[in-house]
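> predicted structure and sequence below. I'll ask about it afterward.
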Amino acid sequence: MDWDVSAITDSWRFLLGGIGVTLLLSALTIASSLLVGTAVGLGRSYGGRWLRVALTFYVDSMRAIPVLVVLVWMYFAFPLMTGVSVPPFWSAWIALTLHVAAYVAEIVRAGIASIRPGQVRAALALGMSRPQMVVKVVLPQALVRMLPAIGSVISVTIKDTAIAATIAVPEFMNRVSTVAGESYQPVPVFTGALIVYFIILFPATRLVDILYGRVAHLGRS
């Protein structure tokens, strides 16, 4: 087997640009998913009946549909239905956000549910309003308990950006496939991609674990 890495060394700038797109798409998706997912989780925990029903349908729908289907629908079907054309990068961002936010919402809801009811009753008995109780009593503890699961979501989100290659987003995997096809050296090129993803993801997951180890005591009640 020929392990000629010249395809990688000759195209490193091209591949590096793809890493930049991957990191940008990942960062935007993680930020928007955390915001949307937190809002949905709070709505399911404290909203009215019909709001909870609607949000539950959204969460269950997103968890039942493969993210690739959401991505392809967003890029190809949504413009046909609305007449609004969305560029590939932003289609990927919207689709990934809708999908990942559903999982974040469940994490948030579970984190809130894990707080003992006695703490909620005590906060209300002290004269706190419900928003004050949520912000000052529930969320600080719940956020700590949610850290390991949020770390997994971050890891999965970065990996899921690779499917954006299917709609021609020029992210890392898209460019890796281009280099592999043009150089006829798929083994070293895709092996290099594997190593790059490991270098990106392993430190991220370890940092979350280290952070949780340092603040875990704050989530105990």
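It's in.
> going forward, measure contacts and count neighbours with C-alpha atoms only.
Noted.
> right, and the helix or strand after the one helix or strand Gly37 maps to?
Per DSSP states H and E, Gly37 falls inside helix 12-46. Downstream of helix 12-46, the first helix or strand assigned by DSSP H and E is helix 49-64.
> find the centremost residue of the chain, please.
Centroid-nearest residue in the chain, with CA atoms, centre = their mean: Thr157, separated by 3.7 Å.
> by contact count, what packs against the host helix or strand of Ile107?
Per DSSP H and E, Ile107 falls inside helix 88-113. When contacts are defined as 3 or more CA pairs under 8 Å, 6 or more residues apart in numbering; DSSP states H and E, helix 88-113 packs onto helix 12-46, helix 49-64, helix 67-72, helix 139-160.
> ranking these by mean pLDDT, which is last?
Per-stretch mean pLDDT for those is lowest at helix 139-160 (a mean of 90).
> buried stuff in that one?
Residues of helix 139-160 classed as buried by neighbour count (16 or more other CA atoms under 10 Å): 139, 141-151, 153-155, 157-160.
> one more: stretch 159-167?
159-165, 167.
> quick check: end-to-end length of that stretch?
Terminal residues of stretch 159-167 are spaced 16 Å apart (CA to CA, to the nearest Å).
> would you mind telling me which of the helices and strands packed on helix 88-113 is nearest Val5?
Closest approach to Val5 among the helices and strands packed on helix 88-113 is made by helix 12-46 (10.7 Å; CA to CA).
> just give me how far that closest one sits from the chain centre.
In terms of CA atoms, centre = their mean, to the nearest Å, the centre of helix 12-46 is set 5 Å apart from its chain centre.
> next, the angle from the host helix or strand of Ala193 to helix 12-46.
Taking DSSP H and E as the criterion, Ala193 maps to helix 186-215. Helix 186-215 runs at 40 degrees relative to helix 12-46, counting by axes from the mean of the first three to the mean of the last three CA atoms, to 10 degrees.
> avg pLDDT for helix 186-215?
Across helix 186-215, the per-residue pLDDT values average to 88.
> tell me the buried residues in it?
So helix 186-215, judged by 16+ other CA under 10 Å, has buried residues 186, 188-190, 193, 201, 205, 208, 212.
> can you check stretch 32-48 too?
For stretch 32-48, by 16+ other CA under 10 Å, it's 32-45.
> next, the contact list for Val179, please.
By CA atoms under 8 Å, 6 or more residues apart in numbering, the contact set of Val179 is 7-8, 11, 189.
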